[in-house]
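Participant: Sharing a sequence plus its predicted fold:
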Amino acid sequence: MASFPRRPSSGIKVIIVGAGFAGVAAAIECDRKGHSVVLLEKAANIEEITRFGDIISFDPNGARNFERWPGVIEAMQKIARQTTWLDLYHWKGPFVTRQSFEGEKSWGPRINGHRGELYSIIHQHAVDRGLDMRMGQRVTDYFEDEEKAGVIVNGEEMVADVVIAAEGVRSRGRKIVLGFDDKPKSSGYAVYRSWFSGDAIKDNPRLKHLVEGDSHCGWIGPDLHFLASSLKNGKEFNWVFTHVDDGNIEESWQFPGRVEDCLKYVEGWAPIVQEIVRSTPKDGRLIDHKLVFRDPLPTFISPKTRIALIGDAAHPFLPTSIQGASQSIEDGVVLAACLEMAGKRETPLAVRAYEKIRYERVHKAQATGVKTREKWHKANWDEIAKTPEAIHLTREAWLLNFDSEKDCYERFEEVAKDLRGERARL
């Protein structure tokens, strides 16, 4: 087993529920900082997690953390999309503008790739670190008191100093935090996503240029935007479009989509867009994913501050934010660092500090998703003709040029002091 840098043991025991990106990242960060971790995942094996999905993006604020995990960022960059731009088109076909991301290189790496493949790299690093990851573990409830927290897993109690709920939007941990079961609400939008081999279109005269190397482009129209990209030098291709949802709420990454249904939404659009959809092979992956949301939570932590929500369990993001994955990584980084700084005797303080440090930033980041969607779906083309860059993705330094670990270390003592003062006044 490889040896990795690790802080001295903190004596803090952590249970993490959910082994998606948020959970595995939190486990790695807790291990780095000297905590003892058990990671519980309901899936029976890793293949159940990696076999589905399509493109996932980590902006510099998220991807910079992978640089601290030996070998991870290098492995990711080998399979990631190599473009440093986004070409944007009017929905009828005319080219509008190219947005370059070259200037962001000083902020850190950007990683865009297949979620299953990128996840496998992180998971393998966790395995190499020797983390205690247990598959086939179904958590049915959470509990806590002044001294400990725990879960009911496969019918038995398991306890620790802290429990981290990283199960996504359906997390059972939300109930102990909120005090009630909250139901999802329709966002009013849904997403079709597809991923297939570039070979399916390499001989198509209309589309072959999209897989002659890596590409990244989008078509913007009324209440719909369509994005397509290729990676691995054009060997793999994916497309996705967000549209008004006219169906029932269904939270699933595995709801099958049909090409003929997709074509109805892009009727009258640029011929190339219709051709991309029409060329989706029958053995390609095509899913219809309903976008749901939950009202911003009043808190991410439980009443006795022994249980914390991270990732989608705490704050679901719209895809147009391009920040959901990165913010989930930041969560784990900050919570692990807070536990390190507070120490075992003040574990509840660490959990409170995590929320204090993350809350405002996360909600500000969430708002960018709605802002981008409205900018695209309600585009004023007369104005854009004068200033094409108005349709560019908003890329701001406060969000992207950010080191969550450094920020936490710098702010922790001040935040902890304020929290101790609040507690003393109660």
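Facilitator: Received the coordinates, thanks. Residues are numbered from 1 along each chain as shown.

Participant: which parts of stretch 360-375 are buried?
Facilitator: The neighbour-count check on stretch 360-375 (16 or more other CB atoms under 10 Å) flags Arg361, Val362, Ala365, Gln366, Thr368, Gly369, Thr372, Arg373, Lys375 as buried. (C-beta placed from N, C-alpha, C; glycine too.)

Participant: cool, stretch 13-24 as well?
Facilitator: Lys13, Val14, Ile15, Ile16, Val17, Gly18, Ala19, Gly20, Phe21, Ala22, Gly23, Val24.

Participant: Double-check that the second one belongs to a helix.
Facilitator: No: with DSSP: H, G, I helix; E, B strand; the rest coil as the criterion, Val14 is located in strand rather than a helix.

Participant: I figured it was touching Ala165, is that so?
Facilitator: No: assessed by CB atoms under 8 Å, Val14 is found out of contact with Ala165, at 11.7 Å.

Participant: Please give me every residue in contact with Arg420.
Facilitator: By CB atoms under 8 Å, 6 or more residues apart in numbering, Arg420 lies in contact with Leu349.

Participant: any idea how far Glu413 is from it?
Facilitator: 10 Å (CB to CB, to the nearest Å).

Participant: Kindly report the same for Ala228.
Facilitator: 48 Å.

Participant: So the two - more neighbours on which side?
Facilitator: The neighbour count for Ala228 versus Glu413, taken as other CB atoms under 10 Å, is higher for Ala228 (22 against 11).

Participant: Check whether the more buried one sits in a helix, strand or coil.
Facilitator: For Ala228, the secondary structure call by three-state DSSP comes out as strand.

Participant: now swap in Phe143 and tell me
Facilitator: strand.

Participant: Now do it against Met158, distance only.
Facilitator: Taking CB to CB, one finds Phe143 at 10 Å from Met158.

Participant: Mind listing the shared neighbours of those two?
Facilitator: Gly150, Val151, Ile152.

Participant: Most neighbours of all these, which one?
Facilitator: Val151 (26 neighbours).

Participant: quick check, that residue in a strand?
Facilitator: Yes: counting by three-state DSSP, Val151 is found in a strand.

Participant: Quick check: which ranges of the stretch 101-250 of the chain have low pLDDT?
Facilitator: Residue ranges of the stretch 101-250 of the chain with pLDDT under 70: 184, 247-250.

Participant: Please enumerate the helices of it.
Facilitator: Secondary structure of the stretch 101-250 of the chain by DSSP state H, counting those that start in this stretch: the helices cover 115-128, 173-178.

Participant: Of those, flag the one that's most buried.
Facilitator: helix 173-178 (a mean of 20; mean count of other CB atoms under 10 Å).

Participant: Ala26 is in contact with Ala336, correct?
Facilitator: Yes: if you go by CB under 8 Å, Ala336 and Ala26 touch, sitting 6.5 Å apart.

Participant: Identify the contacts common to the two.
Facilitator: With CB under 8 Å, 6+ apart, Ala336 and Ala26 have no common neighbours.

Participant: What residues sit buried inside stretch 277-296?
Facilitator: So stretch 277-296, judged by 16+ other CB under 10 Å, has buried residues 277-280, 284-294.

Participant: residues contacting Val211?
Facilitator: Listed by CB under 8 Å, 6+ apart, the contact set of Val211 reads Gly198, Ile201, Lys202, Ser230, Gly234, Lys235, Phe237.

Participant: which of these count as buried?
Facilitator: By neighbour count, with 16+ other CB under 10 Å, the contacts of Val211 hold Gly198, Ile201, Lys202, Ser230, Gly234, Phe237 as buried.

Participant: For Val72, state which of those is nearest.
Facilitator: Ser230 (23.6 Å; CB to CB).

Participant: Is it correct that that closest one is in contact with Phe237?
Facilitator: Yes: under the criterion of CB under 8 Å, Ser230 makes contact with Phe237 at 4.7 Å.

Participant: between those two, what contacts are shared?
Facilitator: Joint contacts of Ser230 and Phe237 (CB under 8 Å, 6+ apart) are Gly198, Leu210, Val211.

Participant: just the residues you listed now: which is nearest Ala397?
Facilitator: The closest of the shared contacts of Ser230 and Phe237, once distances to Ala397 are taken by CB to CB, is Leu210, at 31.3 Å.

Participant: now the closest one: how far from Ala314?
Facilitator: When Leu210 is compared with Ala314 (using CB to CB), they lie 37 Å apart.

Participant: same deal with Ser9?
Facilitator: Counting by CB to CB, the gap from Ser9 to Ala314 is 28 Å.

Participant: just Thr368 next, same as before
Facilitator: Here Thr368 is placed at a distance of 17 Å from Ala314 (CB to CB).

Participant: Next: Lys356.
Facilitator: Looking at Lys356 against Ala314, where the rule is CB to CB, the gap reads 14 Å.

Participant: If you count surrounding residues, which of these two has more?
Facilitator: When Lys356 and Ala314 are compared for neighbours, Ala314 comes out ahead with 29 against 21, by other CB under 10 Å.

Participant: Look up phi and psi at the more buried one.
Facilitator: Ala314 adopts backbone torsions of phi -100, psi -40, taken as degrees, to the nearest 10.
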